[in-house]
Structure formats: structure tokens, C-alpha cells
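*Asks:* Show me the folded form of this:
(chains A and B)
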Number of protein chains: 2
Amino acid sequence: MPVSVIAASAGVADVLTDLFIVLLAAKLGDELFRRLRQPTLVGEILAGLLVGPAVFGLVEPSEVLEVFAELGVVFLLFWVGLETKLSDLREVGPTAASVGVLGVVIPFAGGIALGAALGESTGTSLFIGAALVATSVGITSAVLIDLGVLERRTSRTILGAAIVDDILALLLVAVAAGVAAEGGVDVGSIAVTAAIAVGFIVFVALGGTQLLAARPALLHTPRFSESPLLPAVIICLGLAAFASQIGLAAIIGAFLAGMIVAETRDQSPIEAEIEPLYAFFPPFFFAFIGLEMSLAAFGDIDTLLLLAGVTLLAIATKFAGAYLGALRMGRRDATFVGVGMVPRGEVGIIVAGIGNATGTIDAELFAIIVGMSVITTLIVPPILRRLATSEPEPQAEPA
Amino acid sequence: MPVSVIAASAGVADVLTDLFIVLLAAKLGDELFRRLRQPTLVGEILAGLLVGPAVFGLVEPSEVLEVFAELGVVFLLFWVGLETKLSDLREVGPTAASVGVLGVVIPFAGGIALGAALGESTGTSLFIGAALVATSVGITSAVLIDLGVLERRTSRTILGAAIVDDILALLLVAVAAGVAAEGGVDVGSIAVTAAIAVGFIVFVALGGTQLLAARPALLHTPRFSESPLLPAVIICLGLAAFASQIGLAAIIGAFLAGMIVAETRDQSPIEAEIEPLYAFFPPFFFAFIGLEMSLAAFGDIDTLLLLAGVTLLAIATKFAGAYLGALRMGRRDATFVGVGMVPRGEVGIIVAGIGNATGTIDAELFAIIVGMSVITTLIVPPILRRLATSEPEPQAEPA
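*Replies:* From the prediction side, this is the model:
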């Protein structure tokens, strides 16, 4: 064997090449869609689709790209957290809760009914239900940031509902796991899981914001950082890791971290500090969604029809649930919230990936759920953009 | 199997946790060493050693951490490139070339002689030679940035020598590969390899700087970025990936990318834009060096003696070669350059890793080369700091 530094760097060379291709492609897609006056994240997703296995096969999805994608959505929600005050969330709390609950229950019921109609097993049906429940708040958040409407009441409601949604998804999973293991549902352990999740969110949201509001210097005292950037990033990674360790989505932790750090905002321009990380990582998140899509499964008409049916069901049930939950805000706002909850994004793909890996769903159903996730993700941004710019809310700053 | 988003995020949760622990530990090490008025990167390396398998075992080295480490040194050298003008390198060219050549030849000869003295095979001896040749300009660069002496002539010489060093290492590898394959040395293909490497460096250094000096708007026109940050990062990743694909170190490409982008510096504060990426990634580079170290092999006195011998040989041969090469600058400057070339850092560890993976070196020799790499990396920063602050060069800005 050659005594070779070349060989050593071969793995690293390929990873660097992948990162370069994905970032370049995503930003070219961004550029194109910006010129076409379309939502740029759609351009980034389609760029991932083009360079990925579905079309040109320049880049394969890998663990490293997945981690970059995850950090992309983590820094995206951290950014959203920075723009959110705890009081904003409290204000929309009851509406967000009903949006979250109905936005979970109706799609879940719809998915189970579909599974039963297709003659699938209970496990597979539960699984289809879980895939339809998935909400990708990352996609909607990116659109809201892009449109400059993050501070609207409807936007806050979507964020709040995403938190409720994630807690419910956690419980759903615990129940489904009990059913799948055929040991019945362990109500005690599910109660503990729920208590830990809710306790974490409440403790961090209340305690963390109070702590940093009272002692903003905590972000500034370490000598290892001339700015609050690294302390803030460490808090973000820590809460994201903790949230995912207890079964919540990592982005819930990142969002809470942003909300905490924002309490020190008057002291320093933390957004400006974080901006480069926010510019660097999220393109990987969007492109990765496209990278994971395969077109090969959609060769026959039956599969395409099933894809169309599942996608319509996913859209209709999620929209209906969220719309009903938000109806007290008026029809216009309820429509915005309903549409905003529709994208399945990476969460649907993750659910499909587990189901495929565990043999709960076959290759066809896997492709269909991934396809549904990508389609719901691609169609929502243009609609949200149209709704947002036609909405005459006073505090809006149209992009 | 549980229909579980929890299971899906388990891998991601662990990766996020690793990233959090490593970043937090590195920055705590930084904080401690800053308070002790010691070089902070030593604190970061020791923090990696502490959380890694050698001591507490909280984090194992993984591919993701390796990629973060690599991006750490890539952004570090990109930063150094931003601070370097092509004319600075031209000025120190001849001296840098002699430092590079002697700094490769003498350690390589020393390593082969040691291998022969230990009764090792030709392959293993060549390998020890290659491990002694390795230079980690990343470590020295970080110290030079920290001390604020990057613009000194001695610092430029070290950077120029590192480029020469890397080209020679590439050729050495090609020769060693020929010998190891027992097919003899293919002079033609080695000439081609060398021509590609030198051609890449010259073409990028001359053509790239001229292009961006003439048309700095190239970094500003894309609509996907409000700042030149992402275009600059894409150039950095692209050149780093290309350099590593043709067998050079990725950091050579990153350094050249920084030098090119710096041509547009008058147009915008690119350093300020890049700073957050420069703050985020490099701690992983330093901590990873510590993470890869194992103490288990050093249980017996023979191994410790061999470690001491190899380390002394590594220091003496590299210092002697670089010192002799730089002697025309005067003894004081030659001493600075000689010391600056000594750290083996991640490069020595990579070489040791390949040798171990290919069976060319056994576990004991592997541990010794890694140990030598870490020791040379830990002892140089304090010495450089002392030399730099006692140096009365006029253009110096002591830290």
C-alpha cells in the first residue's frame, strides 16, 4: 500500500467536494428563483434534486450532509427564536394549542383510514398516520423570514402550534411503539415522557429567559469570545441536543435557545453575529430534501395515482385541522395558518426513512411518502407568499 | 418496531450532543488557558484529550467530527489567506523554497535512518520518514494570528514554506507509492502529478488574484447573498476540494482562496463577514487533535523511551532543516521559522492513521507517531509566543 497522505485525504476530499457542489448548486437555484420572483428555498430544493441521485447523481446523501442539513434547520429555528418574544407566544397560546391538536388528530386519523382502506396492517397504517402528522416548521419559517412577516400573529401561531405538534407527535410515537411492541400501551411511562418534554419546554422558556434577561452579561463575560456569538451557539447546540435526546425535535431546543438569547438583544447585535452561520448552513437543509428524493419509483400509473391521493389527503387533513384550530382568528388568518402547517419537509422524509429501514413500509410506500413530503414542501411557499402579500395586517413589513 | 421519529433522530441527537460537548469543552479549555496567559489552542487540544477516549470517553472521534475539524483548518487557512498578499509571498519566495526543501529532506532522511536503526522494513522506514516530514501549518498559523504577527516576514516565510513543503510531500508520496508497489518509480506520472500541483497553485495565485482585483464585483453581484460571504465561502470550499482531489492539502486551496478574495478587500469588510465561521469551526480542529490521542499505549518504559526519541528526532530534524533554509534572514528570524515549522498536528496523525490502517505500522508505532504529533503541537505555541514578543521587528504589532 502507498504510504500516502493522498489516501488519507481522499475521504475528506470527497466530503469537501460534496459540500462544495451542494452549496454551489443550492445558491444557483436560489439565484434563479430570485430572478423569477419565486420562493428561493424551492430553487434550493430543486437544485438538490438535480445534483442528487434522482437526476445527475453528482452527490449521494451521506451522514455528513445530513448533519449539515440538521444544523441548517437548527440555525434556522434559532434565528426564528431570536425574533420571537415569550410574550408573543403566550398571546397566541390557546389558538396555537388548538391548531396543534387538530393539526395532529385529523391527519393521523386520515392516514390510519387510508392504511385500512389499502388493506395494510395496523403497524403500517399507524405509520402512514405518523407520516401525515409530520410538520416541517423549518420550511414555513424560512418563507416567513423571507417575506418579513415573522412578527405577525399568524406566524407566531404557526410557531406555537409547531411546538404543540411536536409534543403530541412524541406521545403518538410512544403510543404507537407500545402497540407495535404488542405489549400494550404503558400509560405510566408515556406520562413520564410527556412530563419531561413539557417540563423541559416550560423550564427553558420561563427560567432561561428570566435568567438571561436578568444577567445578560453571562453571554459576554467569557474571555474565549470577543462577541456573544460562541456562547449563544453553544447554548443553541446544547438545547438542540438535549431536546433531541428526550425525543423532541432538535429544532424545538434551537428555537427556545434563540428566544433565551434574544433577551440580551439590547446589549448586542446578536443577529448580525449569527447571520453568517445562518447563511452557511440552511442551504444544506433545503438541498438535502431534494437530494433524498428518488424519481425511479414513479414509473407506473398506479404509483402516481397513489402519490396524488396521499398528497391530497396530506394537504386536506393538515389544512382542515389547522384551519379549524385557528378559526377564531378569522377566516383569512386561519387560511394562512392552515397553509403554513402543510409542508412535511424533512420530517416526512425522516418518518419514511425509519419505516423503510424497519420494514414497516415497502419501497413503493417509502417513495410515495417522500414524494408527498417534497410536493407539500414545494407548493406551500408560493401560496404563502401570495397570501402574505395580500394580507392587510397593520404591523406587516412586506418584503 | 416502533413507528418512531425518536429512533430517526437518535443518530442526529448523538451527533448534536458530540458537537455540543466538543465545542463547549474546547472553549472552556480556551478560557482557562487565556486566564493562565498560555496559548489558547493548547487548552483546546487538551480539552479534546479530556473529553475523548484517552480520559473521560464522552466523545469518540467520528467522521462528522473529522469533517468539522477539516473545515476548521480550512477556514483557518482561508483567514490567513485573507491577510496575505501575493507580493508578500513573492518577496519571501527564495527563502521559503529553501526552508521547504530542507525542512522536508532532513526529517525524511532522519526518519528513514531511524527505521533502519530499529530494523524496520523499507516500507515502514519510508513511512516513519513521511510522518516526520508532516508539517501542520494550521497550528502555527493560529499562533501567529493570536500573536498578531501574521504580517511579519518570518510568518510569510513559514506560509510560503508550507506550500513548498506540501508539493514536496506530494512527490515523496508518489515516489514511496512506487517503491511500495514494487513496480519501481514512474518518473513520467510523478512529473505529471507535480506539474498539475504547481500549475494549480500558480494559475490560481496569479490568475485568480488578477481576476478579482480587476472585477471585485464578481463577489457582490449574485442576488443570493446580500454580502460577499457566501460567494467567498463557495470559492474557498471549491478550491479546497480541488486541491485535495489533486493530492495537495485542502488548506492550500483554502489559503489561495483567501488570497484571491482579499483582492476585493477594499470593497467590503470580508474578514468581519467570515469571522463567525472562523470562530465556529476551528475549535473542532484543535479539539480533534486531542480526541485522537490515546494514552493506553504508553504503559511501558520502552514505548515511552521510543516516543521521546522519535519526538526529539522530529523536532531536531525539522528545526535544523528549516533553520538552515532560513539562515539568510539572520539567526533570530531563522530560529522563529525553524520553531514554526515543528508542529506536526493533524498531518502527523493522518499519516499515522493511514499507516495503521494499511498495516504498514503496528499499534505501538501508531501511538508513538500520534504522541509525537501532539507533543510537537503542544510545545511550539508557548515557544513561538516567547520568540515573537522578544523580537524587535519594526512592523510588529505585539499582542
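*Asks:* C-alpha only now, for contacts and for neighbours.
*Replies:* OK.
*Asks:* Give the next helix or strand downstream of the lowest-mean-pLDDT helix or strand in chain A.
*Replies:* Across the helices and strands of chain A, mean confidence by mean pLDDT, DSSP states H and E is lowest for helix A:345-357: a mean of 74. Following helix A:345-357 in sequence order, the next helix or strand is helix A:363-390 (DSSP states H and E).
*Asks:* returning to that earlier point: and the least confident helix or strand of chain A, what does it pack against?
*Replies:* Judged by 3 or more Cα pairs under 8 Å, 6 or more residues apart in numbering or on different chains; DSSP states H and E, the packing partners of helix A:345-357 are helix A:122-133, helix A:282-291, helix A:363-390, helix B:5-35.
*Asks:* most tightly surrounded among those?
*Replies:* Highest mean neighbour count among the helices and strands packed on helix A:345-357 (mean count of other Cα atoms under 10 Å in any protein chain shown): helix A:282-291, with a mean of 28.
*Asks:* ok, back up a step: among the helices and strands packed on helix A:345-357, which is nearest A:Val192?
*Replies:* helix B:5-35 (15.4 Å; Cα to Cα).
*Asks:* Just the CA atoms of whichever helix or strand comes after the closest one, as PDB, please.
*Replies:* Next along the chain after helix B:5-35, taking DSSP H and E as the criterion, comes helix B:40-51. C-alpha atoms of helix B:40-51 as PDB (Å, rounded to 0.1, in the frame of the first residue of the first chain):
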ATOM      1  CA  THR B  40      -5.400  29.000  23.900                       C
ATOM      2  CA  LEU B  41      -5.100  26.300  21.200                       C
ATOM      3  CA  VAL B  42      -3.200  24.200  23.700                       C
ATOM      4  CA  GLY B  43      -6.200  24.500  26.000                       C
ATOM      5  CA  GLU B  44      -8.500  23.400  23.200                       C
ATOM      6  CA  ILE B  45      -6.300  20.400  22.300                       C
ATOM      7  CA  LEU B  46      -6.100  19.300  26.000                       C
ATOM      8  CA  ALA B  47      -9.900  19.700  26.300                       C
ATOM      9  CA  GLY B  48     -10.300  17.300  23.400                       C
ATOM     10  CA  LEU B  49      -7.900  14.900  25.100                       C
ATOM     11  CA  LEU B  50     -10.000  15.100  28.300                       C
ATOM     12  CA  VAL B  51     -13.400  14.500  26.700                       C
END
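*Asks:* Compute the inter-axis angle for helix B:40-51 and helix B:5-35.
*Replies:* 140 degrees (axes from the mean of the first three to the mean of the last three Cα atoms, to 10 degrees).
*Asks:* who's in contact with helix B:40-51?
*Replies:* The contact list for helix B:40-51 (Cα atoms under 8 Å, 6 or more residues apart in numbering or on different chains) reads B:21-22, B:25-34, B:55-59, B:142-143, B:283, B:286-293, B:378, B:381.
*Asks:* let's see it at 6 Å
*Replies:* B:25-26, B:29-30, B:33-34, B:56-58, B:286-287, B:290-291, B:378 (Cα atoms under 6 Å, 6 or more residues apart in numbering or on different chains).
*Asks:* could I get those residues as a markdown table with distance to chain A and pLDDT?
*Replies:* What follows is the contacts of helix B:40-51, written out as a markdown table (distance: Cα to the nearest Cα, whole Å; pLDDT from 0 to 100):
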| residue | distance to chain A | pLDDT |
| --- | --- | --- |
| B:Ala25 | 10 | 96 |
| B:Ala26 | 10 | 95 |
| B:Gly29 | 9 | 93 |
| B:Asp30 | 6 | 91 |
| B:Phe33 | 9 | 87 |
| B:Arg34 | 7 | 86 |
| B:Phe56 | 19 | 91 |
| B:Gly57 | 18 | 89 |
| B:Leu58 | 14 | 93 |
| B:Phe286 | 14 | 88 |
| B:Ala287 | 15 | 92 |
| B:Gly290 | 18 | 87 |
| B:Leu291 | 18 | 89 |
| B:Leu378 | 19 | 86 |
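*Asks:* Can you get me the start-to-end distance on stretch A:146-159?
*Replies:* The straight-line separation of the ends of stretch A:146-159 (Cα to Cα, to the nearest Å) is 15 Å.
*Asks:* buried sites along it?
*Replies:* A:146-147, A:149-159 (16 or more other Cα atoms under 10 Å in any protein chain shown).
*Asks:* Quick one: neighbours of A:Ala214, just the number.
*Replies:* For A:Ala214, the count of nearby residues is 12 (other Cα atoms under 10 Å in any protein chain shown).
*Asks:* which regions of the stretch 151-300 of chain A sit below the pLDDT cut-off?
*Replies:* A:173-185, A:265-268 (pLDDT under 70).
*Asks:* which stretches of the stretch 101-250 of chain A form helices?
*Replies:* A:122-133, A:137-147, A:153-180, A:187-202, A:209-214, A:229-245, A:250-261 (DSSP state H, counting those that start in this stretch).
*Asks:* what's the last one in contact with?
*Replies:* Right, helix A:250-261. By Cα under 6 Å, 6+ apart, helix A:250-261 touches A:74, A:77-78, A:81-82, A:84, A:208-209, A:236, A:239-240, A:243-244.
*Asks:* can you tell me which of those residues lies nearest to chain B?
*Replies:* A:Ser244 (5.1 Å; Cα to the nearest Cα).
*Asks:* Contact residues of the stretch 251-399 of chain A facing chain B?
*Replies:* A:Val351 (Cα under 6 Å from any Cα of the partner chain).
*Asks:* mind listing what A:Pro216 touches?
*Replies:* Contacts of A:Pro216 (Cα under 6 Å, 6+ apart): A:Thr264.
*Asks:* So it versus A:Glu275, what's the distance?
*Replies:* 20 Å.
*Asks:* related to what we said a few turns ago, among the contacts of helix A:250-261, which are within reach of chain B?
*Replies:* Among the contacts of helix A:250-261, chain B is touched by A:Ser244 when using Cα under 6 Å from any Cα.
*Asks:* how far away is A:Thr264 from chain B?
*Replies:* Relative to chain B, A:Thr264 is positioned 19 Å away (Cα to the nearest Cα, to the nearest Å).
*Asks:* Please apply the same query to A:Met259.
*Replies:* Counting by Cα to the nearest Cα, the gap from A:Met259 to chain B is 19 Å.
*Asks:* Without its sequence neighbours, what residue ends up closest to that residue?
*Replies:* The spatially closest residue to A:Met259, leaving aside those adjacent along the chain, is A:Gly81, at 4.4 Å (Cα to Cα, 6 or more residues apart in numbering or on different chains).
*Asks:* ditto for A:Pro343
*Replies:* A:Thr377 (4.4 Å).
*Asks:* Check A:Glu292 too.
*Replies:* A:Pro61 (6.5 Å).
*Asks:* ditto for A:Thr140
*Replies:* A:Gly340 (5.8 Å).
*Asks:* and the one you found, how many neighbours?
*Replies:* A:Gly340, neighbours per other Cα under 10 Å, totals 30.
*Asks:* any idea how far it lies from A:Ala334?
*Replies:* Counting by Cα to Cα, the gap from A:Gly340 to A:Ala334 is 10 Å.
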